[in-house]
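In: Okay, structure incoming, though there's no sequence with it:
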Ligand SMILES: Cc1cc2nc3c(=O)[nH]c(=O)nc-3n(C[C@H](O)[C@H](O)[C@H](O)COP(=O)(O)O)c2cc1C
Ligand code: SF4
Ligand code: FES
């Protein structure tokens, strides 16, 4: 059961021309696998190894090294709450506990319906909007626990993550420059 | 002018769109000026500007560029560091969002100066939303022929200029703080684990795929077009003479208006906190400030008067500029808890190649947890200091220092906080076995016995 279509394989071989060696496309290939399948299983690693011309053990090492690659099935919506210092100072720990309660799962756990998984994460580069929560690639900043619940309920109801509300990050600039 | 000087974030609505950027002179006269200068002259202009790297070490940018070999057979690469994972740092993300084209233009100029034909922008994986913005900006720039092979048609060299084109590739990381370290970033881009490499050889000699490589931060690049536009001389007059320009100060923690503020270097720290970031909520006193991201030495609240925010002045004040991420903590903050969280971060992020870092970060965390639980011994204060001190300078990369500095300087500057968490022990007389064996008698010695058992 091949993961990639011929077009995709062609795309990867084009991409390889932009790098000094085929192995450099390993991260892009793994990202694509995770987008398609939600996680990276043993077969997928084998396929990635073949495309990138590296041993499978190399791929395993890489998958284990990076925190964003999953070697087990995770939720379709991966929830991350930052508890690093800037967030901690503004209630990040309480937010994390709240989200954990709300979802009823532990760190790195997954809800039974497979919709959500949870991670207490390190700094996400949103310290000015602390405390924060991320659902997949979307960042929700300056959150209260109530707002976090609303976002999760909305996601549960629609199956889609809502658009984050605008958070002013550059008060020195005019509003227009902000967005 | 000083307060409204915005080099990175000029007050122009919609600057992220290429049309707006070009209407305001982007990809125009500045580039034409560059293509009328010889590559060496461009590097000299950047040297003249006094620009120093914004990625943490404040290394002079022009000097770094001049390390790149000229007339080599090998390919040369430029790697732009957008990993931004240091807790308290959130400035490069604003560039991706609000002024990505100026960053791209900076990359074009840097590539020209070093005669590089491929540049990579490595961005942390968590920033997928912003990566998309950068990809869009880059695609627009390719479509206009300002990046890529068509540059040769669109920009004809004049004067001392040479023909030139460069490709730019955006590369997505996958979650690892250590990849921000320059040699680790090269390993990661090559498709390996993000393990730092031993230096020397330095990247300018042996970098990506064994070829000469220069690594610069996102904000560093974004300054470059402004330098060429206004001239190195004029740029060098902005802010502090030893570290000129503006900095993006990301202020977080206990302030009323957290956010990113672009201000000239040398701006007083208390002005940034009080005037720009709106001061501390409820008028509380400041207990501690970490002025440059979590790995920099913290300053006491009563040490802040007159502290200026640039590399040299901060060094004199006992800290370092780092990434300019200012974390403010008010008088009610539990310093031990904060420090334990920082220690946990570095323990988690250590790549594990060197023993002092791999083991040391674990010990720092364990010791700090004892203090956090008010279950430490008097000796643990010095032990903590010792462990931190013994990591410094004994590792492959600077993550060792990043983990050790906050601990060592907090112990030195806030010793009383640690003393408060020492569990009172019992001093009891107990027979010493060594003495007993040697002297055949039982001499009582003083032993400190902690009352509570520990894990
Ligand atoms: C552990 C560690 C993490 C780092 N993280 C970053 C980072 O996220 N972004 C960055 O630009 N530089 C980071 N650096 C500094 C880079 O190694 C490098 O010095 C910098 O990117 C050079 O760019 P500059 O000269 O423009 O400052 C880090 C260094 C270390 C030791
Ligand atoms: S200092 Fe730490 S992070 Fe750096 S190479 Fe050594 S073990 Fe890895
Ligand atoms: S500390 Fe939470 S996003 Fe930076």
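Out: Received the coordinates, thanks. Computed from a prediction, not measured in an experiment: that's the story for all the values here. Ligands and ions are numbered 1, 2, ... in the order given.

In: Please name the residues that touch the residue of the stretch 251-400 of chain B found nearest ligand 1.
Out: Closest contact between the stretch 251-400 of chain B and ligand 1, by Cβ to the nearest ligand atom, is at residue B:398 (3.5 Å). Backbone N, C-alpha and C define where each C-beta goes, glycine included. Counting by Cβ atoms under 8 Å, 6 or more residues apart in numbering or on different chains, residue B:398 makes contact with B:57, B:181.

In: So it versus residue A:55, what's the distance?
Out: To residue A:55, residue B:398 is 31 Å away according to Cβ to Cβ, to the nearest Å.

In: which parts of the stretch 101-250 of chain B sit against chain A?
Out: Selection of the stretch 101-250 of chain B residues close to chain A by Cβ under 8 Å from any Cβ of the partner chain yields B:118, B:124-129, B:167, B:169, B:171-177, B:188-194, B:208-209, B:211, B:250.

In: and what of the stretch 251-400 of chain B?
Out: Those residues of the stretch 251-400 of chain B that sit near chain A, judged by Cβ under 8 Å from any Cβ, are B:251-254, B:257-262, B:276, B:290, B:294, B:325, B:327, B:329, B:333, B:337-338, B:341-342, B:345, B:348-349.

In: repeat that with 10 Å
Out: Counting by Cβ under 10 Å from any Cβ of the partner chain, the stretch 251-400 of chain B comes close to chain A at B:251-255, B:257-263, B:276-278, B:290, B:293-294, B:325-330, B:333-334, B:337-339, B:341-342, B:344-345, B:348-349, B:351.

In: so of these, which ones are in helices?
Out: B:337, B:338, B:339, B:341, B:342, B:344, B:345, B:348, B:349 (DSSP state H).

In: Which pair of those residues spans the longest distance?
Out: B:337 and B:349 (19.1 Å; Cβ to Cβ).

In: Look at these two and report which has more neighbours.
Out: When neighbours are counted by other Cβ atoms under 10 Å in any protein chain shown, residue B:349 comes out ahead of the other of residue B:337 and residue B:349, with 20 against 15.

In: I'd guessed that one sits against residue B:196; true?
Out: No. Using Cβ atoms under 10 Å, residue B:349 makes no contact with residue B:196, being 11.7 Å away.

In: Quick check: neighbours shared by those two?
Out: Overlap of the contact sets of residue B:349 and residue B:196 (by Cβ atoms under 10 Å, 6 or more residues apart in numbering or on different chains) consists of B:178, B:179, B:357, B:399.

In: Neighbour-wise, which one of those residues leads?
Out: Counting neighbours by other Cβ under 10 Å, residue B:179 comes out on top of the shared contacts of residue B:349 and residue B:196 with 29 neighbours.

In: Can you name the residues that contact it?
Out: A:65-66, B:81, B:83, B:85, B:122, B:124-125, B:173, B:185-189, B:193-196, B:349, B:351.

In: Equivalent analysis for residue B:80, please.
Out: For residue B:80, the contact set (Cβ under 10 Å, 6+ apart) comprises B:55, B:92, B:103-104, B:106-107, B:110, B:119-123, B:168, B:170-171, B:185, B:214-218, B:220-222.

In: The same query, at a cut-off of 8 Å, please.
Out: Taking Cβ under 8 Å, 6+ apart as the test, what residue B:80 contacts is B:103, B:107, B:119, B:120, B:121, B:122, B:215, B:216, B:217, B:218, B:221.

In: Between the residues you listed, which sits nearest residue B:302?
Out: Among those, residue B:217 lies closest to residue B:302 (Cβ to Cβ), at 32.3 Å.

In: and that closest one, how many neighbours does it have?
Out: The number of residues packed near residue B:217 is 26, by other Cβ under 10 Å.

In: Quick one, grab the pLDDT at it.
Out: Residue B:217 carries a pLDDT value of 98.

In: Tell me if I'm right that it and residue B:55 touch.
Out: Yes. A contact is recorded between residue B:217 and residue B:55 when judged using Cβ atoms under 8 Å, the distance being 3.3 Å.

In: List the contacts of the most centrally placed residue in chain A.
Out: By Cα atoms, centre = their mean, chain A has its centre lying nearest to residue A:136, at 4.3 Å. Contact analysis of residue A:136 by Cβ under 8 Å, 6+ apart lists A:77, A:78, A:161, B:128.

In: rerun at 7 Å
Out: A:77, A:78, A:161 (Cβ atoms under 7 Å, 6 or more residues apart in numbering or on different chains).

In: Quick check, pLDDT for the first one.
Out: It stands for residue A:77. If you check residue A:77, the pLDDT there is 98.

In: Count the neighbours of the residue lying closest to residue B:150 once chain neighbours are set aside for me.
Out: With Cβ to Cβ, 6 or more residues apart in numbering or on different chains as the criterion, residue B:150 has its nearest non-adjacent residue at 7.6 Å, and that residue is residue B:165. Residue B:165 has 18 neighbours, counted by other Cβ under 10 Å.

In: residues touching residue B:165, list them.
Out: Counting by Cβ under 7 Å, 6+ apart, residue B:165 touches B:117, B:148, B:149, B:151, B:152.

In: Quick one: buried ones out of those?
Out: By neighbour count, with 16 or more other Cβ atoms under 10 Å in any protein chain shown, those hold B:148, B:151 as buried.

In: Identify, from the contacts of residue B:165, the entry nearest to residue B:32.
Out: Among those, residue B:151 lies closest to residue B:32 (Cβ to Cβ), at 12.0 Å.

In: which one is that closest one nearest to, not counting chain neighbours?
Out: Among residues not flanking residue B:151 along the chain, residue B:165 sits closest, at 4.1 Å (Cβ to Cβ, 6+ apart).

In: per-residue pLDDT, the residue in chain A that ligand 1 sits nearest to?
Out: The minimum distance from chain A to ligand 1, using Cβ to the nearest ligand atom, falls at residue A:125 (9.1 Å). Looking at residue A:125, its pLDDT reads 97.

In: One more: the one 5 residues further on?
Out: Predicted confidence (pLDDT) at residue A:130: the value is 96.

In: And what about the residue nearest to residue B:150, helix, strand or coil?
Out: Three-state call for residue B:165 (DSSP: H, G, I helix; E, B strand; the rest coil): coil.

In: Relative to ligand 3, how far out is it?
Out: Distance of residue B:165 to ligand 3, given as Cβ to the nearest ligand atom, to the nearest Å: 38 Å.

In: can you tell me which residues contact residue B:360?
Out: B:387, B:390, B:391 are the contacts of residue B:360 under Cβ under 7 Å, 6+ apart.

In: Which of the residues you listed fall in helices?
Out: Judged by DSSP H, the contacts of residue B:360 include B:387, B:390, B:391 as members of helices.

In: what's around residue B:323, how many residues?
Out: Close neighbours of residue B:323, defined as other Cβ under 10 Å, add up to 27.

In: Can you tell me which of the ones in helices among the contacts of residue B:360 are buried?
Out: Using 16+ other Cβ under 10 Å as the burial test, those include B:387, B:391 as buried.

In: Out of the ones in helices among the contacts of residue B:360, the closest to residue A:121 would be?
Out: Looking across those and measuring by Cβ to Cβ, the closest to residue A:121 is residue B:391, at 24.8 Å.

In: Please compute how far the lengthiest helix in chain A lies from its chain's middle.
Out: Scanning chain A for the longest helix, with DSSP H as the assignment, gives helix A:145-158. How far helix A:145-158 lies from its chain's middle: 18 Å, per Cα atoms, centre = their mean, to the nearest Å.

In: got the contact list for it?
Out: For helix A:145-158, the external contacting residues (Cβ under 7 Å, 6+ apart) are A:77, A:94, A:95, A:98, A:99, A:102, A:115, A:133, A:135, A:140, A:161, A:162.

In: neighbour-wise, which of those leads?
Out: Most surrounded of those: other Cβ under 10 Å gives residue A:133, at 27 neighbours.
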